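Engineer: fold the following for me, if possible:
(3 chains)
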Amino acid sequence: MAIVEVAQLVKEFDSGKVRAIDGVSLATNEGEYLVLLGPSGCGKTTLLRTIAGLEQPTSGDVLINGQVVTALPPRARQIAMVFQSYALYPHKTVRGNIVFPLRAAKMAPAERERKTTWAAELLGIGHLLDRKPRQLSGGEKQRVALARALVRDPQVFLLDEPLSNLDAKLRASARDELKRFQQEVATTTIYVTHDQVEAMGLGDRIAVLNNGTVRQVGPPTEVYDDPADTFVATFIGSPPMNLVPNDGKLVGFRPEHLLPASVVGADALQVKLAVDRMEYLSGDRHLYGTATGAGEKSRVIARLPATVTSEVHAGETYDFAINRNRLRYFDASTGLRTQP
Amino acid sequence: MRTRVADRDGALAWIFLMPSVVYILALVGVPFVLAVGLAFSDVTSGDPSFDFVGVDNFRSIFDDPVFWQSLGNTFLFTAISMLLIVVLGKIVANILVADFRGKWVVRFLVLLPWTTPATLGAVAWLWLLDSIYSPIDWVLRQLGFLAEAGNGSNMYWLGEPALAMASVIAVHVWRLTPLAAVIMMAGLVAIPKDMDEAARMDGAGYWRRMFEVTIPMTMPVIAVSALFGAIFTFTDMAVVDVLTNGGPNNATQVLTSWAFFRGIDGGDVGQGAAIALFLFPLLLAAAIAILRAVRRLEVR
Amino acid sequence: MRRAPLYLAAIMVALCSAAPFLWSLVTAFKQNRDLYNPDNNPFLYNRPPTPDHITYLFTNASFGTFAWNTLWVGVLVVGITLLLGLPAAYALARLDRPWAGWFGIAIFLVYLVPPSLLFLSLSRIVVAAGLQDSTWSLVLIYPTITIPVSIWLLIGFLKAVPRDIEEQAMVDGYSRLGAFWRAVVPLTFPGIVAVIVFAFTLTASEFIYALAFVSPSSEKVISTGVPTELIRGDVFFWQSLQAATVLVALPIAFVFNLFLDRFITGFTQGAVKG
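Structural biologist: Below you'll find the predicted structure:
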C-alpha cells in the first residue's frame, strides 16, 4: 500500500504549444480508490502515464510514499498498469503474460508458478492459462491483464479506462468485479475514465479534470451534490444540473429536485414550468421545458421519479418548486461556487 | 534502483543508430566523397596519382556527343519503362489479388523475373534475342513474316538501333513489373472493403469502381512503386550490359553504362566519376518530387 | 471480374513472365547439334535430350562453389543487416527523437547513390582492407545496400506494433532495451522475415560489385560466376547458362513466394507511412 502524490505537475507537448497537464497537485490516501474523471483530452491519461513514468513531466514531481520518483524509469516505480487495450502480449500464452513481470524481477521458477496460480485463481482464469490472448473474450482479457498487474505486488494500480472495450452488458458486471477485487487486495488504485457512472460507482474519491487542471476532488456524493464549479455541475449528472442566470449569478439545481409544487416542502423556490416534451426512462419521467421564476426564463429539465404520480402533459404549464437547500449558486463569469 | 543507459531513450537512440550510421558513412559516405573528388581529378587506371583539374572532366564529357546521347537514352529508357511498368504492374496486381484456384502457382511464375538475379534473367533473354537462333525469329519465319533463309530471315533484335532499345526496354519491363505488382497488391489489399461495397451499392460497374475508387485510393502506393522503379531503372545497367553492351553504336547506351565504360573499361576514372556524379542530382530531384507528392496524397 | 476472363488473364500473365524460363528449361537439355540449327523447332527436342550440360555445370564450371559462396555471403549479409538495421529502425520508429524524420529521409537518399558511382573508390577501400579477390569483400560491402532498404522496411513494421505493448513491458519491470528485445522484436517477426528474404534477393542478384572486387573462380558468386565462366569470349555455353538460370531462379522465387504477403505489407508500411 502506498500514497501517490503529484506536486505542481506540468506536462507540455510540441515544445510548449500544448499543455496537457497544467499545474496539477493531487494525493491519494493509503489503499484508496481514486478516479480521475474528465472529458477526452482533459489530460487524465497523460497524468496517469506521468505517474507510471511513461511520460516525463515538463516540471513538477511525482512522489510515491514520499519518495520523489520523477526521474526513475517505469520499472523502478513498483507500479502496475492496465491499459485500455489490455496490451496482452499476443505471442505469449496467458501464463506467459502473467509470468512476464515476474521474470523481469528474476523470481525463482517455483515461486513464479505459485504466484501465477494464486493470481489466476483469484481472478478465476485458472482454466485459461494455456490459451493465447486472441482466443479470449473481452472480459477474460481484462482479467488476465489484472492478474498480470497483481502478481507484481505493486504499490499502486494504474487503470486506464479498462472497461471501455467491453460491451455495455459486460461493463456493469466487470465494474462490480473490479470494485470487489480492489477491496480484496486493498492496494491504492488510480483509475482513469470519462464515464461518470463508472466514476461514481467505483471511486472512494473522484478528481474531476478539465483542460489539464483539477476542478474538484471529493467523494462521489460531494462531487455530485456540491460541485465546485459549473464544469463539474454539468459534466456530472445525467441529465446535467440546470443552470439559470439570475443577476450575475447562476442558480443551479439538479433535475430530480425540480418537482411539482405539491410534493415539495414549504421552504421552496416556486417556478412555472411550461412543458413541451416528455420522455419515459426506466420509470422516471424527464420533462423538457421552459422555467420562469428562478431567474431569467431558461430551458430546464426536470426528472420526476416513479413515486411522483401527478399528471403532466406536454404543452401545458405547471406549478413546480425546488427545495431551497437544494439550490447551488455559481458566479456567472468565473463559474465558481458562490453564496446566494 | 538506478536509471541505466538501457532506460534512457536519448542515449539508447544514439547507441541503436550509431553502428548503422558508422557503417554507411564509412562505406557509402567516404567513397561518395572520394568519388566526388575523383570527378574533379585526372586519375586514370594507368596513373592513379591525384591531381586537381577543376571542371575539366565535366567539360570534356559535355563535349562528347555520346554523353548527350546516353542522357537522352536514359530519359527515354526510364520514361517508357516506368510507364509500362506502372500500367502492367497495376494490371498484374489486379489479377493477383483476385481469388482463383492455382493462385499460388501464378504468383510464383509472375515473381520469377524479379527474384532471378538480373544477369541470369538477361542471359536467358540474350539467347531468345540471338541474331541467328532466336526462337522468336523462328516463329516469325513459320508464320511467314520473315524469309525462310538467307537475307531477311532474322530480325537482329539487338543489332538494329531502334529494335535494340525496344528489346532492352522490354526485358527491363519484364524484370521489374513483378516488383511493381507486388507493391500495388499491398495498396489494393489495404482498401477498406466497405468502400468497394458502397460503390457497388451505388450501382458502379467494375471499370467505374476501378477508375473512381481503386485507382484514386491506391495513388500513394502507385507513386511509391513508381519511385522505386524509377530509381532501379535509372541506376541499373545489368540488362543493358548483358544484352547490348550499350551498342549498336551507343544506341542503347545509358548514363550508368556510359560511366562504367569510360571509368572502368576506358580507364579514365575521373571522367567516369564525373558522368556517374551527374546522375545524382537528377535522382535526388526525382525522389524529392515523388516523396512530396506522396505526402500530399496521404494528407488528403 | 468474371471467372473465365480472370483465368485467361492469369494464365496470360503467368506465361509472359515465365516463358523465358520455360524455354530455358527446354534448352538446357538440348544437344548442340539440335540447338545450333536455325531450322529446328526451338521449342521441341529434335534430337534426344541430354543431361551433359547440367553435369558440365557442376563438374567443369564449379557451379556448386558459386552457389555455396552466394549462400554463405547471403546468410552473413542478412545477419549483419538485421543486427544493425533492427535497432536503427527502432530508434527511428519509436524513440521519438526530433531528428528521426530527417534521418529517415537521409537513409532513403543513401539508397539513391548508385553502385557505379561508389565502385571506383570502394575498390580502393577493399584493397586497403586486404580483401581484394576475396568473397569477404562482398560480405563487407553488401550491407551498405541492404541496411538502408531494411531500415526503411522495418520502420513500417515497428510502427505497426502497438505502443501499449512495449509500455506494458516497461511497466512490468523491463528497461526500454528489455522491452524492445522481449516484447517488440517477437512482434516484428514478419518484418524480420521480409528483410531476410529481401536482403538475400538483393545480395544474390548484385552484379557490379561482385564483378569488380572478386576475380578468382573459387571466390565468385552465382551472379558473376555463371556469366563469366560460361561465356568465354565468343563461346557461349548456352545450355549450361540456361540450366543455371533455372536452377537459381526456382528456389529463390519459391522462398520469396512463401513470404510474399508479409513482404507486401511491410513494403508499403515502410514506404508510405515512414
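
Engineer: from the chain's centre, how far out does stretch B:236-247 sit?
Structural biologist: 13 Å (CA atoms, centre = their mean, to the nearest Å).

Engineer: what about that stretch, near chain C?
Structural biologist: Yes: using CB under 8 Å from any CB of the partner chain, stretch B:236-247 reaches chain C at B:M237, B:A238, B:D241, B:V242. C-beta: built from backbone N, CA, C; applies to glycine.

Engineer: in strands only, show me these.
Structural biologist: The members of the residues of stretch B:236-247 next to chain C all map outside strands under DSSP state E.

Engineer: tell me, what residue is most central in the chain?
Structural biologist: No chain specified, so I'll use chain A. Nearest to the geometric centre of chain A sits A:A199, at 3.1 Å (CA atoms, centre = their mean).

Engineer: I was after chain B.
Structural biologist: Chain B, centroid-nearest residue using CA atoms, centre = their mean: B:T233 at 2.0 Å.

Engineer: please report the distance of that residue from B:L277.
Structural biologist: B:T233 sits 19 Å away from B:L277, going by CB to CB, to the nearest Å.

Engineer: distance between the top strand by length along chain A and the chain's centre?
Structural biologist: Ranked by residue count and defined by DSSP E, the top strand of chain A is strand A:268-281. Chain-centre distance of strand A:268-281: 30 Å, with CA atoms, centre = their mean.

Engineer: quick one: list the elements packing against that strand.
Structural biologist: Counting contacts by 3 or more CB pairs under 8 Å, 6 or more residues apart in numbering or on different chains; DSSP states H and E, strand A:268-281 packs against strand A:284-292, strand A:317-323.

Engineer: mind redoing it with 10 Å?
Structural biologist: The contact analysis (3 or more CB pairs under 10 Å, 6 or more residues apart in numbering or on different chains; DSSP states H and E) places strand A:268-281 against strand A:249-253, strand A:258-260, strand A:284-292, strand A:298-304, strand A:317-323.

Engineer: my guess is B:L291 contacts C:G101. True?
Structural biologist: No: under the criterion of CB atoms under 10 Å, B:L291 is not in contact with C:G101, lying 11.4 Å apart.

Engineer: ok so, going back, who does the longest strand of chain A pair up with?
Structural biologist: Looking at strand A:268-281 with DSSP bridges, its partner strands are strand A:284-292 (antiparallel), strand A:317-323 (antiparallel).

Engineer: and the ones you listed as a markdown table, adding mean neighbour count?
Structural biologist: A markdown table is the format used below for those (neighbours: other CB atoms under 10 Å in any protein chain shown):
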| stretch | mean neighbour count |
| --- | --- |
| strand A:284-292 | 18 |
| strand A:317-323 | 20 |
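
Engineer: would TSV of the ones you listed with mean pLDDT be doable?
Structural biologist: Below are the strands paired with strand A:268-281 laid out as TSV (pLDDT from 0 to 100):
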stretch	mean pLDDT
strand A:284-292	93
strand A:317-323	93
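
Engineer: looking at these, which is closest to B:D42?
Structural biologist: Comparison of the strands paired with strand A:268-281 against B:D42 by CB to CB identifies strand A:284-292 as nearest, at 91.7 Å.

Engineer: sort out which residues of the lowest-mean-pLDDT helix or strand in chain A are buried, please.
Structural biologist: Across the helices and strands of chain A, mean confidence by mean pLDDT, DSSP states H and E is lowest for helix A:168-185: a mean of 83. For helix A:168-185, a neighbour-count test (16 or more other CB atoms under 10 Å in any protein chain shown) marks A:L170, A:R171, A:A174, A:R175, A:E177, A:L178, A:F181, A:Q182, A:V185 as buried.

Engineer: can you state the direction angle for the helix or strand following that helix and helix A:168-185?
Structural biologist: Counting by DSSP states H and E, the element after helix A:168-185 in chain order, helix or strand, is strand A:188-193. Here the directions of strand A:188-193 and helix A:168-185 differ by 160 degrees (axes from the mean of the first three to the mean of the last three CA atoms, to 10 degrees).

Engineer: check which residues of strand A:188-193 are buried.
Structural biologist: Judged by neighbour count (16+ other CB under 10 Å), strand A:188-193 contains these buried residues: A:T188, A:T189, A:I190, A:Y191, A:V192, A:T193.

Engineer: now stretch B:266-274
Structural biologist: For stretch B:266-274, the neighbour count (16+ other CB under 10 Å) marks B:D268, B:V269, B:G270, B:Q271, B:G272, B:A273, B:A274 as buried.

Engineer: not counting sequence-adjacent ones, nearest residue to the fifth one?
Structural biologist: What it means is B:G272. Spatially, and ignoring its direct neighbours in sequence, B:G272 is nearest to B:G263 (1.7 Å; CB to CB, 6 or more residues apart in numbering or on different chains).

Engineer: try the second one
Structural biologist: Counting by CB to CB, 6+ apart, B:V269 lies nearest to B:V43, which is 4.4 Å off, once chain neighbours are set aside.

Engineer: in contact with the one you found, which residues?
Structural biologist: By CB atoms under 10 Å, 6 or more residues apart in numbering or on different chains, B:V43 lies in contact with B:37, B:49-51, B:53, B:57, B:263, B:267-273, C:120.

Engineer: chain A: which of the residues you listed is nearest?
Structural biologist: Lowest distance from chain A to the contacts of B:V43 (CB to the nearest CB) belongs to B:G37, with 40.3 Å.

Engineer: neighbours around B:L83, how many?
Structural biologist: Burial of B:L83 is recorded as 12 neighbouring residues (other CB atoms under 10 Å in any protein chain shown).

Engineer: does chain C sit close to whichever strand or helix holds it?
Structural biologist: Assigned by DSSP H and E, B:L83 belongs to helix B:65-97. Yes: using CB under 10 Å from any CB of the partner chain, helix B:65-97 reaches chain C at B:L88, B:I91, B:V92, B:A93, B:N94, B:I95, B:L96.

Engineer: tell me the spacing between C:L84 and B:F62.
Structural biologist: 40 Å.

Engineer: please read the previous query as pertaining to B:F100.
Structural biologist: B:F100 is 54 Å from B:F62, where distance means CB to CB.

Engineer: next: B:I91.
Structural biologist: 41 Å.

Engineer: give me the phi and psi for A:V214.
Structural biologist: phi -90, psi 120 (degrees, to the nearest 10).

Engineer: so how many other residues sit close to it?
Structural biologist: Number of residues near A:V214 (other CB under 10 Å) recorded here: 23.

Engineer: B:A93 now?
Structural biologist: B:A93: 28 surrounding residues under other CB under 10 Å.
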